[in-house]
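>>> Using only what follows, build the 3D model:
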Amino acid sequence: VALRKALSQRLGADTTTFLKAISAAFPSAEEVVWLHNRLESANNSEDIPADQMSVVIAAHRLLLPQTPEISEEDAAVAVELLSDHAVELSKPAGPLEVGWPARFIRDLSAAGLGVLMLATDASGELVAILAEQGQLRVLRPDVKERSFESRLKTWTATYPYQYGLIERDDGNEEFYLSMQDFELPMPDTDKVLVVAQPALQQLSYNLVLLNAQFAGASKAIGLAPSLTWFDSIRQRASATSNKRHAWISCSLQSEAYGTMDMIFSRLAPLLDQHGFATDTSGRIPDNLHGASIAVVTAHGQLTSEHRYIHSIADEQELTESPLALARALAGVELVILFVCSGGRVDRHPMTNTTVSLPKMLLDRGCRAVIASPWPLTHAVPGNWLERFLEAWETGDTVVEANFKANLYVQERLGPEPALCHAMTVYGDVLLTK
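Numbering: from 1, shown residues only. All right, here's what the predicted structure looks like:
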């Protein structure tokens, strides 16, 4: 005790509290939140993951199994601190309160939006918080021979990229077998918002198995970087612009009839019907800013390891970085990407954040993004967009319209998961026209 007092006097109260919080095997929620709030506001959202490393370590420990079980309030704040905070907010966030995440998701679920919060504890095992009908639950799936974290690492070495390569004749067995290692609960609600730590954002939540069926067949599911971001974007006024833009680089005069030409011939009548200005030039347009909706069709290319979105290309000479596309789309309310692997999410190799095109777009002021995490076949865009715009025009939320569009793809093209569970919503899942 005397030594502790002496150290406290020499190091100062803040340093002592910091050391206590990061060294505790089972830190309290108050200590972990204090670690978070003590950080000075970063000048750039990209700086936050590195600054938050001490918070990440302590939050994982907070989620470790205890007797009695940690409260729903403590579990929710731990997952919120482990979620992706490297996305620019509409306005600066105030100090975090321990009880705020639990109150927020309780209110969301009471209004009809179920919430699934996910993170791993310091042992690499999954912890889930479910919010449904105003009630919260903390769930821990049964521990298996290999940790959840280890199983996820194995999955990400092959998926979701491989899903886009499975042929119709191969059947759906690989989808089921690849997802059966992940026993993920889902709120008993029609609409679900997923908030997860970056590593868990890599999973394909439309393919989560519920009673041997894919969750995306019965639930409208979307992801947000964090509750803090979701709360911030919900408070931001919607854009008043009626501008609608579409860009698909294709050569209409060319004798070659490529994939982009094929998709354009199917999309053009729909885009005209719904008031889109369509650009078919071989460069990223510079007039997309401020649009209410933008539809982009292009080839997406990953690195040689089939990770990380690497470039945006057409079938001619265009090759651009995903960042260049994100900058061109900055501030667009809703971005729809018919881009192979355009919705793929990868965990950053060094810090607690993600690397993805949706994140780049949300970080630049877009409210919602819809894209596929795996290579997308040319038959999907036309069928999907037809039903999506129909639902969108009648006032459905973006997550509801996406759900209906995916079901329509199933009706038109068949039950192959790579077709009817591809398009996924990121960001403000409650966005409406």
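>>> Could you look up the SS state of residue 260?
helix (DSSP: H, G, I helix; E, B strand; the rest coil).
>>> Quick check, it in contact with residue 297.
Yes: counting by C-beta atoms under 8 Å, residue 297 is a contact partner of residue 260 at 6.7 Å. Every residue, glycine included, has its C-beta placed from N, CA and C.
>>> intersection of neighbour lists for those two?
residue 248 (C-beta atoms under 8 Å, 6 or more residues apart in numbering).
>>> Span of stretch 319-330 from start to end?
One end of stretch 319-330 to the other measures 19 Å (C-alpha to C-alpha, to the nearest Å).
>>> what number of residues lie near residue 94?
9 (other C-beta atoms under 10 Å).
>>> now swap in the one 3 residues further on and tell me
As a burial measure, the neighbour count of residue 97 was computed by other C-beta under 10 Å and equals 12.
>>> For residue 66, which residues are in contact?
Residue 66 neighbours (C-beta under 8 Å, 6+ apart): residue 26.
>>> Look at it and give its secondary structure.
Applying three-state DSSP: residue 66 is coil.
>>> Pull up the gap between it and residue 142, please.
Applying C-beta to C-beta, to the nearest Å, the value for residue 66 to residue 142 is 18 Å.
>>> Low-confidence stretches in the stretch 201-350 of the chain?
252-256 (pLDDT under 70).
>>> could you redo the last one with a cut-off of 90?
Applying pLDDT under 90 to the stretch 201-350 of the chain flags the ranges 238-241, 249-259, 289-290, 304-305, 314-318, 350.
>>> quick one: the helices in it?
For the stretch 201-350 of the chain, helices defined by DSSP state H, counting those that start in this stretch occupy the ranges 227-235, 259-273, 322-328.
>>> Out of these, flag the one nearest residue 430.
helix 227-235 (6.9 Å; C-beta to C-beta).
>>> Looking at strand pairing, list the partners for the most centrally placed residue in the chain.
Residue closest to the average C-alpha location in the chain (C-alpha atoms, centre = their mean): residue 223, at 4.0 Å. Residue 223 has these beta-bridge partners by DSSP bridges: residue 194, residue 426.
>>> what's the burial count for residue 29?
When neighbours are counted by other C-beta under 10 Å, residue 29 comes out with 21.
>>> Next, the nearest residue to it once chain neighbours are set aside: secondary structure please.
Computed as C-beta to C-beta, 6 or more residues apart in numbering, the closest residue to residue 29 that is not its neighbour in sequence is residue 74, at 4.1 Å. The three-state label given to residue 74 by three-state DSSP is helix.
>>> so residue 74 makes contact with residue 101?
No: judged on C-beta under 8 Å, residue 74 makes no contact with residue 101 at a distance of 9.8 Å.
>>> So the two - more neighbours on which side?
The neighbour comparison of residue 74 against residue 101 (other C-beta under 10 Å) goes to residue 101, with 30 against 24.
>>> so the more buried one is in which element?
Residue 101 is part of helix 100-110, with elements assigned from DSSP states H and E.
>>> I am finished for the moment; much appreciated.
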